[in-house]
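Chemist: A predicted structure for the sequence below; I have some questions about it.
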Amino acid sequence: MNKVFDLLVSKNFIRKEQYQAISEYQKLELFSIRNELLFLLYISILLFTTGVGIIIYKNIDTIGHTVLLFLLALLTVVCFYFCYKKSSGFSKQEVTFENPLYDYLVLFTTILMCTFIGYFQYNLNFQNSNYSIATLVSAMAALAMAYYFDNKSALIIGITALGSFVGLSLKIQTIFENTIFNETNLLVAGILFASLLLVWQWFSEKNRLKIHFSFVILTFALHLMAICCFAGSSQDIYWIFYLILLGTAIYYFYQKSITFKAISWYVFALFYGYIGLNVLILRIIDAVKMDQIFEFLVFLTPFYVIGSIVLFIKMIKNFKKKTNVS
Amino acid sequence: MLASNFNTIQNHFLHEEMEKLQSQDFVSKAQLSEIKNNTKTTKTNSNILMRIGFFLLGNFLISSILGFCALFLSVLGDQNAIAFCFLLASIGCIVASELIYDKNYFAYGFDDSFILSITLFFCVALGLFTENVIAVLFVFVLISSFCSVRYVHVPSTFFALMGLIGLVGYLVTEEDIIPSYYLPILLFLLSIGLYFFQLQLVKRSTNFIYTNVFQIIKIFSLVLGYASLNYYVVRELSTVLLDLQLQSNQEIPFAPLFYFATFALPVFYISFGLKNKDRFFFWIGLLSLALGFATIRYYYSILPIEYALLLGGSILFAMVYFSIKKVQNNTVGITFKEDKSLNPMAFDLVKAILINANVHSEITTTNESPMEFGGGGFSGGGSGGNF
């Protein structure tokens, strides 16, 4: 490794005394396993809660459920108590626990709480009632946990649960299964939910309430909006409406990505926008019956692709320039 | 042209190194930006999403050009004529790659698609000419290695190594140069060879720019070393590749060795990684240990899944908790302190995806229809979950 620093010195990138400081630091042989350990902690919590979930599912019709329910409630309350005791209270700004382990305890409590709510409703024979109420309560509980203890994982749980209350499956697997939105009312629900998220973020920003949550909220909104619009653009009549909506959303996220300096939104906005543009072009070709000049179009495509590559390079440069200046 | 090119690439890596130093507060921001403004560097996409995006665009470009050519070439029926066209395409890709490098684009995305296409088209042409698998695989390895040296190209290195495995595998399974049940051991020896080859390269190379290329060889050799001796991989591949008809109570040859290696190798990786402060060994060790447990669970499910999960989760939690307690206050060596030069973004992303994919299924499916509970999310949770 020291070869690199020699090279840096010989190129006059770093000064002699900086080199000295670095080699002193290297002698400590520090090896931080913080990220790895915290990640393993995360896995252990997921394993444990998944195990609890399966046990509950398997025992859902047997006698033991009252005991289980009681144990689960007890565990949740104990965990919650510890989180509550150690937290520094609610604040509109970002707050952290002194010990990062408590973040994971909050996550654990949130998952247990949601499991408990779902199980509770099932067990007290609310079968005739609307199941989605439990989902709504879970979502509210998770969001409350997220806002009180400042926990992003809980926020993700809350948003996905809220989504499933509306009837949307916001899990990442469903994108790959490609069966998300084949019904119009689901599409509309998706677009409305994404708009709700946008309003939510706008509202938080205005009131300076947990601004660092904006990233999670807007990421959900961007992908949900884009996917809904693509699903809608394959419809026969209203496709143009969906494409216009997509264009508007992409312009909005283009602006947002520059203010947030979020390159991932920028890339996805460009990506979705490019697909949308191509859908539009194909629709137009289809509409004006240009099949006869098909060969000519094939001749044009390489130039079209080169043009888009040049355009994208310009856009990326533009992004870098804008984020560096501001 | 070559030397100046390598110089700018080297500058790119030196800038990355300076950024790391800056994040550790050895270097001031002003110094960093001054160096960045004063030295010439490559145009590079360090963001993987952008690189993938440009890679896709490059592929569109190549395929649209090919489609355009195919309109005229459809009159050619002769196999050799088509092969000749692929040869021309390959040469065209070389020219394009050289031009792209001359413009100082390095690991930008679309250069990847042209560089990889050199190998692809040449091998297709060769395959059509000769119809000889060994020759094609051999040339594949050769050209990929050439590209990884000439263009300092990491993906090419990866494909060269894949080609090498393919070549060895083909020689053993189809040409029978040695009895085929020695294949896992041969591959393990190959991985050891690759590791030491890489070590020699690192020692001897005076050129800093190949660091990533050497790293991919190292990662590959570690993964190959574990995969070649993992019980599951060996057993399943024996039935597929070597046509071994195994009953469920029958054992594969050398089974004890594979059982042993399934757990011993990860433990070795982890301890070696911790001892020598080597993150690659550490990570691959953790990952392969998880796979080891999954392997055993696949064949011998002693506990029902839910208790295995509870137990595994508790044990893992306890282990992590005590490890944290142990290293928490270390100021030398292995430590729990944050290293600012490491970016935890990747971990955060994986966490977000895991929570999105797993936890949610638990909430809603309990509510909506308990019958679906075992589906979807849990198959993933189960197999990855036997830590």
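Modeler: Received, thanks. None of the values given here were measured: they were computed from a predicted structure. Numbers count the residues shown, from 1 in each chain, chains lettered A, B, ... in the order given.
Chemist: Contacts only, for residue B:170.
Modeler: By CB atoms under 8 Å, 6 or more residues apart in numbering or on different chains, the contact set of residue B:170 is B:133-134, B:137. Heads up, the C-betas are built off the backbone N, CA and C, glycines and all.
Chemist: nope, residue A:83 is what I meant
Modeler: So residue A:83 contacts A:102, A:105-106, A:109, A:149 (CB under 8 Å, 6+ apart).
Chemist: returning to that earlier point: looking at the contacts of residue B:170, state which has the most neighbours.
Modeler: residue B:137 (21 neighbours; other CB atoms under 10 Å in any protein chain shown).
Chemist: Next, give me the two most distant ones among the contacts of residue A:83.
Modeler: A:102 and A:109 (10.1 Å; CB to CB).
Chemist: These two: which is more packed in?
Modeler: Each of residue A:102 and residue A:109 has its neighbours counted (other CB under 10 Å); residue A:109 has more, 25 against 18.
Chemist: neighbours of the closest residue in space to the more buried one that isn't next to it in sequence, just the number please.
Modeler: The shortest distance from residue A:109 to any non-neighbouring residue, by CB to CB, 6 or more residues apart in numbering or on different chains, is to residue A:79 (4.1 Å). Burial of residue A:79 is recorded as 19 neighbouring residues (other CB under 10 Å).
Chemist: Am I right that residue A:79 is in contact with residue A:112?
Modeler: Yes: look at residue A:79 against residue A:112 with CB atoms under 8 Å: they come within range, at 6.6 Å.
Chemist: quick one, strands of chain B?
Modeler: According to DSSP state E, chain B carries its strands in the segments B:334-335.
Chemist: Skipping adjacent residues, who's closest to the residue nearest the centre of it in space?
Modeler: By CA atoms, centre = their mean, the mean C-alpha position of chain B lies nearest to residue B:220, the distance being 6.3 Å. Nearest residue to residue B:220 in three dimensions, chain neighbours excluded: residue B:161, at 4.9 Å (CB to CB, 6+ apart).
Chemist: who are the neighbours in contact with that neighbour?
Modeler: Residues near residue B:161 by CB under 8 Å, 6+ apart: B:194, B:216-217, B:220, B:224.
Chemist: How confident was the prediction at it?
Modeler: Residue B:161 is assigned a predicted lDDT (pLDDT) of 95.
Chemist: Can you tell me how far it is from residue B:23?
Modeler: 32 Å (CB to CB, to the nearest Å).
Chemist: can you give me the helices in the stretch 251-387 of chain B?
Modeler: B:255-276, B:279-299, B:305-327, B:345-354, B:360-368, B:377-384 (DSSP state H, counting those that start in this stretch).
Chemist: I figured residue B:242 hits residue B:182, correct?
Modeler: No: with contact defined as CB under 8 Å, residue B:242 and residue B:182 do not form a contacting pair (10.7 Å).
Chemist: remind me, longest helix of the chain?
Modeler: In the absence of a named chain, chain A is used. helix A:294-325 (DSSP state H).
Chemist: That was the other one, I meant chain B.
Modeler: helix B:48-73.
Chemist: got the angle between that helix and helix A:294-325?
Modeler: If you take axes from the mean of the first three to the mean of the last three CA atoms, to 10 degrees, helix B:48-73 sits at 160 degrees to helix A:294-325.
Chemist: Which positions in helix B:48-73 come out as buried?
Modeler: B:50-51, B:53-55, B:57-66, B:68 (16 or more other CB atoms under 10 Å in any protein chain shown).
Chemist: show me which of the residues you listed neighbour chain A.
Modeler: With CB under 8 Å from any CB of the partner chain as the criterion, the buried residues of helix B:48-73 include B:50, B:53-54, B:57-58, B:60-61, B:64-65, B:68 near chain A.
Chemist: just the helices in chain A please.
Modeler: Using DSSP H, helices in chain A cover A:2-10, A:16-27, A:34-58, A:65-86, A:101-123, A:132-149, A:152-166, A:172-177, A:184-207, A:214-233, A:239-260, A:263-287, A:294-325.
Chemist: Same question for stretch A:86-106: list its buried residues.
Modeler: Taking 16+ other CB under 10 Å as the criterion, stretch A:86-106 shows A:87, A:97, A:102-106 as buried.
Chemist: What is the neighbour count of residue B:255?
Modeler: 13.
Chemist: Might one say that it is in contact with residue B:229?
Modeler: No: applying CB under 8 Å, one finds residue B:255 not in contact with residue B:229, separated by 11.4 Å.
Chemist: What count of nearby residues applies to residue A:269?
Modeler: Number of residues near residue A:269 (other CB under 10 Å) recorded here: 23.
Chemist: My read is that it contacts residue A:248, right?
Modeler: No: using CB under 8 Å, residue A:269 makes no contact with residue A:248, being 11.8 Å away.
Chemist: in the stretch 101-250 of chain A, which ranges drop under the pLDDT threshold?
Modeler: For the stretch 101-250 of chain A, the stretches with pLDDT under 70 are A:122-132, A:169-182.
Chemist: What's the separation between whichever residue of it sits closest to chain B and residue A:163?
Modeler: Using CB to the nearest CB, the single residue of the stretch 101-250 of chain A nearest to chain B is residue A:118, 3.9 Å away. From residue A:118 across to residue A:163, the span is 16 Å (CB to CB).
Chemist: What's the local residue count around residue B:261?
Modeler: 22.
Chemist: Could I get the contacting residues of it?
Modeler: So residue B:261 contacts B:226, B:229-231 (CB under 8 Å, 6+ apart).
Chemist: Now intersect those residues with the helices, please.
Modeler: Short answer: the contacts of residue B:261 in helices (DSSP H) are B:226, B:229, B:231.
Chemist: quick one: contacts for the first one?
Modeler: I take that to be residue B:226. The contact partners of residue B:226, taken as CB under 8 Å, 6+ apart, are B:261, B:265-266, B:269, B:284, B:288, B:291.
Chemist: same question, the last one
Modeler: Residue B:231 is in contact with B:255, B:258-259, B:261-262, B:295-296, B:299, counting by CB under 8 Å, 6+ apart.
Chemist: where are the low-confidence patches of the stretch 201-350 of chain B?
Modeler: Judged by pLDDT under 70, the stretches of the stretch 201-350 of chain B that qualify are B:244-246, B:248, B:344.
Chemist: How about the residues of it by chain A?
Modeler: Close to chain A, as judged by CB under 8 Å from any CB, the stretch 201-350 of chain B has residues B:208, B:274, B:277, B:279, B:282-283, B:286, B:305-314, B:316-317, B:319-321, B:323-324, B:327, B:331-339, B:342, B:344, B:347, B:350.
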